[in-house]
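In: A structural model of the following input is requested.
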Amino acid sequence: KLQSAKVAINKKINELNRRIAEKDYSKKPKTTKPIDDELKNLQEQKQKLADELELAKWKAERKNREVGELIMDSIEEAFGLFKSIKATFDLSAPLRQGLPFLLSNPKLWLNSFVNMHKQAISSSSYEDNLKDIRQSKDYKLMQDSGLALMGVDGTQENKHDEQFSSKLVKNIPIYNKINNFSARGYSGFMNNVSVGAFRQGARELQNSGYTFEDNPEMFKALASVVNNSTGRGKSAQGKVGKLLNMIFFSPKMITSRFLMLHDLVRTDIPIDSPSRKMAAMNLLGTAVSVATFNVLATAIKNAFDDDDKDNLLDGLNFNPIHTDFAKARAKDTVYDITAGFSQIIRTLARVITAKSINSKGDEKDLSKSYSETPLSPVSDFLLNKLSPLSSIIYNTSIRKNPFNRYKEFYQTTSGDVLRGILAPLSVDML
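Out: Got it, this is the predicted structure:
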């Protein structure tokens with residue numbers, strides 16, 4: 001291999017010397033690697049066998065785990081159980097993970113939204129959709145590009161969307177049925193949006209003369225945009241990944257919101273690439289969706305409010321250091337469809353300005369506060385992203401109500417315990 005590399009380099013050196021001597025400044029034509037149906041079939045067969053090998057390897061590793069690994073996995077299952085219970089009956093994906101596509105690609109979003117409910121209700125509909133993706137001609141391209149899909153191939157048995165990561169919940173009567181309903185709906189929506197968006201971008205790349213064989217970075221950049229836009233950002237793997245998944249509710253969702261900005265400004269792809277355009281449209285679509293929702297919600301709230309002195313847009317809040325930034329409030333109820341962006345923007349704004357404003361409108365100078373510092377918003381952000389069991393452990397350790405760190409430990413009631421452990425997020429927010 002070393003000798004072959006030296007020969008290849010010398011060949012390029014001779015070619016460059018020739019072009020300098022002959023003043024050959026023409027652009028070298030791009031050569032395309034030959035590929036036909038037979039080669040595609042062989043590649044698909046190879047990928048299928050690779051998936052089977054990966055699954056067999058994973059099963060063998062689990063079977064031969066050492067005591068320490070068994071303990072680690074059991075703890076992870078316990079943390080995952082609390083997540084799965086909280087995610088039960090949660091169908092928020094369209095306006096959370098899927099929000100970036102609501103306006104940037106409304107037809108795809110609407111089709112995915114409709115199919116989501118069909119797949120949530122019918123396991124056969126969900127399985128048929130997975131089969132269609134798996135048997136599609138561009139499935140290998142999706143895999144090679146790194147598109148994040150759940151439940152599609154054999155290796156997915158060891159992969160789960162973060163909030164549906166526990167197998168223990170399948171042993172709980174009633175919850176297991178509802179949890180399967182939620183998981184099918186969630187994964188069904190995410191897969192449909194991801195596949196549809198990727199196919200549109202890949203088609204544009206191919207129409208421009210790009211192929212994966214010659215330009216893999218273009219297709220991988222496209223998959224990155226789709227993954228990050230749907231909340232499936234990069235996260236650590238192995239033991240570190242397991243630890244992060246235990247500590248936080250959704251590590252990939254957190255990283256995806258930062259990586260969406262990276263997709264917009266990355267320098268390793270052309271400025272007019274489909275992936276950059278998709279990233280820009282998704283960010284713009286998210287901003288417009290949030291602004292429109294807040295304006296309409298505030299106007300409706302004030303129109304039906306008992307206070308006749310309210311102007312139509314009183315209460316509209318786009319102050320980035322305010323607790324209610326980019327949220328709609330009706331008395332004590334807050335409506336947030338910012339898909340995780342408002343918390344990030346608010347945290348950064350408070351750190352930069354060293355100021356904060358609470359829900360009552362009281363402003364605080366964090367640089368002069370005895371109980372907080374300019375970096376306190378960072379710890380607040382991370383605490384709000386804790387997984388359910390991590391939050392219980394942390395709150396108990398500081399002698400606060402295990403299910404509400406703003407209340408004292410002695411104020412904990414049996415209702416708090418039952419609601420905190422057994423109530424899904426969809427119920428807990430009522």
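In: residue ranges with poor pLDDT in the stretch 251-400 of the chain?
Out: For the stretch 251-400 of the chain, the stretches flagged by pLDDT under 70 are 306-310.
In: pLDDT wise, what is the residue lying closest to residue 388 once chain neighbours are set aside at?
Out: For residue 388, ignoring the flanking residues on the chain, the nearest one in space by Cβ to Cβ, 6 or more residues apart in numbering is residue 82 at 4.0 Å. For every residue, glycine as well, the C-beta is placed using N, CA and C. For residue 82, the pLDDT comes out at 86.
In: got the contact list for the host helix or strand of residue 82?
Out: For residue 82, the enclosing helix or strand under DSSP states H and E is helix 67-87. With contact meaning Cβ atoms under 8 Å, 6 or more residues apart in numbering, helix 67-87 is reached by 62, 65, 162-169, 172, 175, 179, 182-183, 186, 239, 242, 245-246, 249, 387-390, 392, 421-425, 428.
In: Name only those of these that count as buried.
Out: Burial by neighbour count, 16 or more other Cβ atoms under 10 Å: within the contacts of helix 67-87 this picks out 162-166, 169, 172, 175, 179, 182-183, 186, 242, 245-246, 249, 387-390, 392, 421, 423-425.
In: Which parts of the stretch 201-350 of the chain are strands?
Out: Secondary structure of the stretch 201-350 of the chain by DSSP state E, counting those that start in this stretch: the strands cover 328-330, 333-335.
In: What is the last one packed up against?
Out: In this structure, strand 333-335 makes packing contacts with strand 328-330, judged by 3 or more Cβ pairs under 8 Å, 6 or more residues apart in numbering; DSSP states H and E.
In: For the strand it packs on, which residues meet the burial criterion?
Out: Result for strand 328-330 [16+ other Cβ under 10 Å]: buried residues 328-329.
In: Same check on stretch 54-64?
Out: So for stretch 54-64, counting by 16+ other Cβ under 10 Å, buried means residue 55.
In: Now find how far off-centre that stretch is within its chain.
Out: Relative to the chain's own centre, stretch 54-64 is displaced by 27 Å; criterion: Cα atoms, centre = their mean, to the nearest Å.
In: What average pLDDT does that stretch get?
Out: Mean per-residue pLDDT for stretch 54-64: 79.
In: do the same with stretch 172-190
Out: In this model, stretch 172-190 carries a mean pLDDT of 85.
In: for stretch 410-417, same thing?
Out: Rounded mean pLDDT across stretch 410-417 is 89.
In: returning to that earlier point: now the strands of the stretch 201-350 of the chain as CSV including distance to residue 382?
Out: Converted to CSV, these look like this (distance: least, Cβ to Cβ, whole Å):
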stretch, distance to residue 382
strand 328-330, 24
strand 333-335, 20
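In: Identify whichever of the ones you listed lies nearest to residue 92.
Out: strand 333-335 (12.1 Å; Cβ to Cβ).
In: Show me what the closest one pairs with in its sheet, parallel or antiparallel.
Out: According to DSSP bridges, strand 333-335 forms sheet pairs with strand 328-330 (antiparallel).
In: Other residues contacting the partner strand?
Out: By Cβ under 8 Å, 6+ apart, strand 328-330 touches 293-294, 297-298, 301, 315, 317, 334-335, 359.
In: So which of these is the closest to residue 6?
Out: residue 293 (61.6 Å).
In: Identify the spatial nearest neighbour of that closest one, chain neighbours not counted.
Out: Per Cβ to Cβ, 6+ apart, closest to residue 293 is residue 337, 5.4 Å.
In: what's the distance between the one you found and residue 38?
Out: Distance of residue 337 to residue 38, given as Cβ to Cβ, to the nearest Å: 49 Å.
In: hmm, back to that, for residue 56, find the nearest of the strands of the stretch 201-350 of the chain.
Out: strand 333-335 (47.4 Å).
In: Quick one: residues in contact with stretch 373-386.
Out: If you take Cβ under 8 Å, 6+ apart as the criterion, stretch 373-386 is touched by 247-250, 254, 343-344, 346-347, 350-351, 354, 356, 366-367, 369, 391, 394, 405.
In: cool, stretch 282-293 as well?
Out: By Cβ under 8 Å, 6+ apart, stretch 282-293 touches 99-104, 225, 229, 260-261, 264, 318, 326, 328, 335, 337-339, 341-342.
In: how does it look with 6 Å?
Out: The contact list for stretch 282-293, computed with Cβ atoms under 6 Å, 6 or more residues apart in numbering, reads 99-100, 102-104, 229, 326, 337-338.
In: Report the buried residues of it.
Out: The neighbour-count check on stretch 282-293 (16+ other Cβ under 10 Å) flags 282-283, 285-286, 289-290, 293 as buried.
In: can you count the residues close to residue 138?
Out: Neighbours of residue 138 under the rule other Cβ atoms under 10 Å: 17.
In: Could you do residue 316 as well?
Out: 19.
In: residues touching it, list them.
Out: residue 298 are the contacts of residue 316 under Cβ under 6 Å, 6+ apart.
In: for the stretch 151-300 of the chain, what spans make up the helices?
Out: 175-207, 216-229, 238-247, 251-265, 274-303 (DSSP state H, counting those that start in this stretch).
In: picking up where we left off before, turn the contacts of strand 328-330 into JSON lines, including distance to residue 14.
Out: As requested, the contacts of strand 328-330 are arranged in JSON lines below (distance: Cβ to Cβ, whole Å):
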{"residue": "293", "distance to residue 14": "63"}
{"residue": "294", "distance to residue 14": "64"}
{"residue": "297", "distance to residue 14": "69"}
{"residue": "298", "distance to residue 14": "70"}
{"residue": "301", "distance to residue 14": "75"}
{"residue": "315", "distance to residue 14": "73"}
{"residue": "317", "distance to residue 14": "67"}
{"residue": "334", "distance to residue 14": "69"}
{"residue": "335", "distance to residue 14": "68"}
{"residue": "359", "distance to residue 14": "72"}
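In: Most neighbours among those, which one?
Out: Counting neighbours by other Cβ under 10 Å, residue 294 leads the contacts of strand 328-330 with 25 neighbours.
In: That one - nearest residue in space that isn't next to it in sequence?
Out: Nearest in space to residue 294, with sequence neighbours left out and distances taken as Cβ to Cβ, 6+ apart, is residue 328 at 5.2 Å.
In: just to revisit the earlier point, would you confirm that the residue nearest to residue 293 contacts residue 95?
Out: Yes - in this structure, residue 337 is within contact of residue 95 by Cβ atoms under 6 Å, at 5.1 Å.
In: Just name whatever secondary elements the helix or strand harbouring residue 419 is in contact with.
Out: In this structure, residue 419 is located in helix 414-422 according to DSSP H and E. Of the remaining helices and strands, none touches helix 414-422 by 3 or more Cβ pairs under 6 Å, 6 or more residues apart in numbering; DSSP states H and E.
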